[in-house]
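**Student:** predicted model and sequence below, questions to follow.
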Amino acid sequence: MSAPARRPAGQDATLPNPLVVCQAVSRDYGEGTARVAAVRQVSCGVRPGARIAVTGRSGSGKSTLLHLMAGLDTPTAGTINWPGLGGAPHGRPGSVGVVFQGPSLLPELTALENTALPRLFGGHSPGCAASRAAEALRRLGIEDLSDALPDQLSSGQAQRVAIARALASRPRLILADEPTGRLDAATGAQVITALLDVADEIDAGLVVATHDPAVAVRLTESWQMNDGRLAVTTHRANQPEERS
């Protein structure tokens, strides 16, 4: 079997109507001798339906790149546009769903209430927010945990609630930052299956930052980050692992 084809990083930025496009984006932190270049001159694009793993060592810039794509951070240089989303996600809850390494659930709220928060912040009525939250929990197979508080959930269950929270608004783009980093291998595999299945169901682009090869191989495209630079992109014809 021949090796996967490689092509220059950023080629996807030329595809029609991408969800997000980064052009020569850099992000520095600090000043003077304390300055750290987290992302350096990265150009890339995420098309609708993409399934992308962003790989690299800790500190290589994976998380910063995802935060920039999500509109949670601002580049020091370069430009970011969201043509397929109709504009920047800032101030428009629901266009981008973000899943972090830790669930970050509010301890005093139930799973349903945590999941409904983005809809409430987006100005929807409590009834509409609760309905969408219940649908998201059902989609993740954890509707029976609706009334559970975070300290009553296992780590895998809590991460599924976090995914449901990100997906309750049916975003066009899902960005998951090391979503299995604190989970054991079996639970992590279940979380990636849930992300892939739901992304398929709502027809969203999916980008997962990970240092785990077992996670990366389950997505059809891999971007390798090295010292803040997007080094190579690798494309696989098919996902090698079936989802149960």
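**Tutor:** It's in. Residues are numbered from 1 along each chain as shown.

**Student:** tell me the helices and strands packed up against the helix ranked longest in the chain.
**Tutor:** Counting by DSSP state H, the longest helix found in the chain is helix 185-202. Counting contacts by 3 or more CB pairs under 8 Å, 6 or more residues apart in numbering; DSSP states H and E, helix 185-202 is packed against helix 155-167, strand 173-177, strand 205-209, helix 213-216. Every residue, glycine included, has its C-beta placed from N, CA and C.

**Student:** so which bits of it are buried?
**Tutor:** For helix 185-202, the neighbour count (16 or more other CB atoms under 10 Å) marks 187-192, 194-196, 198-199, 202 as buried.

**Student:** CA-only coordinates of it in PDB, if you can.
**Tutor:** Extracted in PDB, the C-alpha atoms of helix 185-202 (Å, rounded to 0.1, in the frame of the first residue of the first chain):
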ATOM      1  CA  ALA A 185      -8.200   4.800  26.100                       C
ATOM      2  CA  ALA A 186     -11.600   3.000  26.100                       C
ATOM      3  CA  THR A 187     -13.600   6.100  27.300                       C
ATOM      4  CA  GLY A 188     -11.600   8.300  24.900                       C
ATOM      5  CA  ALA A 189     -12.500   6.100  22.000                       C
ATOM      6  CA  GLN A 190     -16.200   6.300  22.900                       C
ATOM      7  CA  VAL A 191     -15.900  10.100  23.100                       C
ATOM      8  CA  ILE A 192     -14.300  10.300  19.600                       C
ATOM      9  CA  THR A 193     -17.000   8.000  18.300                       C
ATOM     10  CA  ALA A 194     -19.700  10.300  19.700                       C
ATOM     11  CA  LEU A 195     -18.000  13.400  18.100                       C
ATOM     12  CA  LEU A 196     -17.700  11.700  14.700                       C
ATOM     13  CA  ASP A 197     -21.300  10.400  14.800                       C
ATOM     14  CA  VAL A 198     -22.800  13.700  15.800                       C
ATOM     15  CA  ALA A 199     -20.700  15.700  13.300                       C
ATOM     16  CA  ASP A 200     -22.100  13.400  10.600                       C
ATOM     17  CA  GLU A 201     -25.600  13.800  11.900                       C
ATOM     18  CA  ILE A 202     -25.600  17.600  11.900                       C
END
